[in-house]
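In: sequence plus predicted model, see below.
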Amino acid sequence: MKKRDGSYRTIKNYLKNLVSQTDHIKEVIGLSRTELNNNLSSRTKPEDPLLVLWGYEAKLDGNNKQHTRGVRKITFSIVYRCKPSDYAAQEKAYELSELFGVNLISRIHWDAITHQYRWLSHEFDKDSVTWNLVEYDTANGLFGCEFTVTLTIKDSLSVDPDFWKDKKDYCNYI
């Protein structure tokens, strides 16, 4: 079967690669609550900033048959664990999370315009980027900044013959 560009796994791995290139964010955590809880309980230190993926939404776009686009809306946060009563730590978390997140967005933009990744080439829409300060109600008290980014990726609707048992019935038409 064909691998799809811009899939959740592709984007998560891309973010992991970016995080591996900086000392300022310690871990990328996917959409799984179990993965989040495991990282919060054992794999990271309380002072470590984390990138948490909160949302991955996809839709198809394109009004003609030849150029289908896959719009990916990605929501992630840069967060710190802070005690709910430690307002100074929360303020610092907000400041650093915004700074680190904007640096990450800047790198995504750079990678898109310099063709560092074929699937990302010219697909970043900087006008789609939004962010806001957040507090997540968890046992660990997560404070930081949540970002939403839209990527518009070439997304072919071609049939993958290896996926279908009845490919002999339509294979001549592909």
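Out: Received the coordinates, thanks. Numbering: from 1, shown residues only.
In: switch to C-alpha atoms for all contacts and neighbour counts from now on
Out: Noted.
In: who does the spatially most central residue of the chain bridge with?
Out: In the chain, the residue lying closest to the centroid (C-alpha atoms, centre = their mean) is I74, at 4.9 Å. Taking DSSP bridges as the rule, I74 bridges to Y56, V149.
In: my guess is S121 contacts D111, does it?
Out: Yes - applying C-alpha atoms under 8 Å as the test, S121 and D111 come out as touching, 7.4 Å apart.
In: which of the residues in stretch 77-91 are buried?
Out: For stretch 77-91, the buried set under the neighbour-count rule, 16 or more other C-alpha atoms under 10 Å, comprises 77-82, 89-90.
In: what does stretch 12-20 give?
Out: Quick answer for stretch 12-20 (16+ other C-alpha under 10 Å): 12, 15-16, 19.
In: for those residues, which one is nearest G70?
Out: If you rank those by distance to G70 using C-alpha to C-alpha, K12 comes first, at 16.4 Å.
In: identify the nearest residue to the closest one in space, disregarding sequence-adjacent positions?
Out: Leaving aside its sequence neighbours, K12 sits nearest to G30 (C-alpha to C-alpha, 6 or more residues apart in numbering; 7.1 Å).
In: how close does that neighbour get to K126?
Out: Computed as C-alpha to C-alpha, to the nearest Å, the G30 to K126 distance reads 23 Å.
In: how about R33?
Out: R33 is 29 Å from K126, where distance means C-alpha to C-alpha.
In: quick one: which of those two has more around it?
Out: Between R33 and K126, counted using other C-alpha atoms under 10 Å, K126 has the larger neighbour count: 14 against 11.
In: which residues does that one contact?
Out: By C-alpha atoms under 8 Å, 6 or more residues apart in numbering, the residues touching K126 are 109, 149-150.
In: how distant is stretch 117-133 from the center of its chain?
Out: 10 Å (C-alpha atoms, centre = their mean, to the nearest Å).
In: give the buried residues for it.
Out: Neighbour-count burial for stretch 117-133 [16+ other C-alpha under 10 Å]: 119-124, 129, 131, 133.
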